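Undergrad: Just to be clear, the model below is a prediction. Sequence and coordinates:
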Amino acid sequence: MNIHIFQNQQELNEAGAGIITSLVQMQPKAVLGLATGGTPVGIYEELVKAYEKGRVSFKSVTTFNLDEYVGLPEDHPESYHAYMKHHLFSQIDLPMEQAHIPNGNAPDSNAECKRYNQELEKVKQIDLQILGLGHNGHIGFNEPDHSLISGTHRVELKPETREANARFFSSIDEVPTHALTMGVGTILKAKTILLIVRGTDKAKIVHRALTGPITTEIPATLLQTHPHLVVLLDAEAGRYFE
Ligand SMILES: O=P(O)(O)OC[C@H]1O[C@](O)(CO)[C@@H](O)[C@@H]1O
């Protein structure tokens, strides 16, 4: 595991975008696993800048998003479809048929999860999986539980996750109760995982996740088993590592 701690957000964003850009430059057909939420926004901004400067092209890249809310229309501003379009896809040359996001509005969630798993199986491996971290240790929307599911599945969001994400909605009642998420098995199969964590409020959980006993009650602890885990922390999130 490689842990890097940055003194400011810009340095972290540039480092994160630099890792992704270098990969795509070396491997134009790279498969990227993408995350949403507040954490990767600055990194996506830097990726767009790199694209605009002609330093990288995404025309042969394939992407798979980690998750999507169940029941939010795709054009709802807080759907992860809308998020990806806004922060990245509309600003780069990635062909949309190469971008995959679970369909949270599919009439049959199980069939949709199966379809997503089949799409994932068509690519041999995700080359680089970007991950944020939930306050309760979730990765993707794999919430703490007695056991975890390997492939894409439907989950009920924990109250603390809905509370944390309520900041993006006008009230907590609008936060969906369920989501579709890639499973931990798929996440751990990625060749490299790039975990990004920011803020004092995540300092304890990221330290616990990366240094404490492995347990499904803190899904991110499973990342300790990954052979190529790169962790980017801001100084606030990294305070217990110093
Ligand atoms: O980056 P945030 O908004 O703190 O969210 C943490 C994680 O939880 C999620 O909202 C659930 O997947 C992710 O989008 C994010 O990586």
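TA: On my side now, so go ahead.

Undergrad: Count the neighbours of the residue in the chain that the ligand sits nearest to for me.
TA: Going by CB to the nearest ligand atom, the ligand is nearest to G132 of the chain, at 2.1 Å. Bear in mind the C-beta positions are built from the backbone N, C-alpha and C, glycine included. Using other CB atoms under 10 Å, G132 has 20 neighbouring residues.

Undergrad: who are the neighbours in contact with it?
TA: 35-40, 139, 195-197 (CB atoms under 8 Å, 6 or more residues apart in numbering).

Undergrad: Excluding covalently adjacent residues, which one is nearest to it?
TA: Among residues not flanking G132 along the chain, T39 sits closest, at 3.7 Å (CB to CB, 6 or more residues apart in numbering).

Undergrad: Over to H178?
TA: Nearest to H178 is V70, by CB to CB, 6+ apart, at 4.0 Å.

Undergrad: now E119, what's its secondary structure?
TA: helix (DSSP: H, G, I helix; E, B strand; the rest coil).

Undergrad: The closest residue in space to it that isn't next to it in sequence bridge partners, please.
TA: Computed as CB to CB, 6+ apart, the closest residue to E119 that is not its neighbour in sequence is H100, at 5.4 Å. The partner list for H100 in beta bridges (DSSP bridges) reads F64.

Undergrad: burial count for H100?
TA: By the criterion of other CB under 10 Å, H100 has 20 neighbours.

Undergrad: Could you tell me which helix of the protein is the longest one?
TA: In the chain, assigned by DSSP state H, the helix with the most residues is helix 9-26.

Undergrad: Show me the contact partners of the helix or strand that it is followed by.
TA: Counting by DSSP states H and E, the next helix or strand C-terminal to helix 9-26 is strand 31-34. The contact list for strand 31-34 (CB under 8 Å, 6+ apart) reads 20, 23-24, 40, 61-66, 84, 88, 123, 125-131, 182, 187, 190.

Undergrad: Mind listing the strands strand 31-34 pairs with, and their directions?
TA: Here strand 31-34 is paired, per DSSP bridges, with strand 62-65 (parallel), strand 128-131 (parallel).

Undergrad: how about that strand, does it reach the ligand?
TA: No. Strand 31-34 is not in contact with the ligand by CB under 6 Å from any ligand atom; minimum separation 9.6 Å.

Undergrad: P102 is in contact with K114, isn't it?
TA: No. With contacts defined as CB atoms under 8 Å, P102 does not count as touching K114, sitting 11.0 Å away.

Undergrad: Need the residues touching each of those two.
TA: T152.

Undergrad: Poorly predicted segments of this protein, please.
TA: Along the chain, the parts satisfying pLDDT under 70 run over 242.

Undergrad: Next, please give the residue ranges for the helices of it.
TA: 9-26, 41-52, 80-87, 109-122, 159-165, 184-189, 203-211.

Undergrad: CA atoms of the last one as CSV?
TA: It refers to helix 203-211. Output in CSV follows, covering the C-alpha atoms of helix 203-211 (Å, rounded to 0.1, in the frame of the first residue of the first chain):
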residue,chain,number,x,y,z
ALA,A,203,-9.5,10.9,9.4
LYS,A,204,-10.5,8.2,11.9
ILE,A,205,-12.3,5.9,9.5
VAL,A,206,-9.5,6.0,6.9
HIS,A,207,-6.9,5.2,9.5
ARG,A,208,-9.1,2.4,10.9
ALA,A,209,-9.8,1.1,7.4
LEU,A,210,-6.2,0.9,6.4
THR,A,211,-4.6,-0.2,9.7
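
Undergrad: helices or strands up against that helix?
TA: For helix 203-211, the packing partners by 3 or more CB pairs under 8 Å, 6 or more residues apart in numbering; DSSP states H and E come out as strand 229-234.
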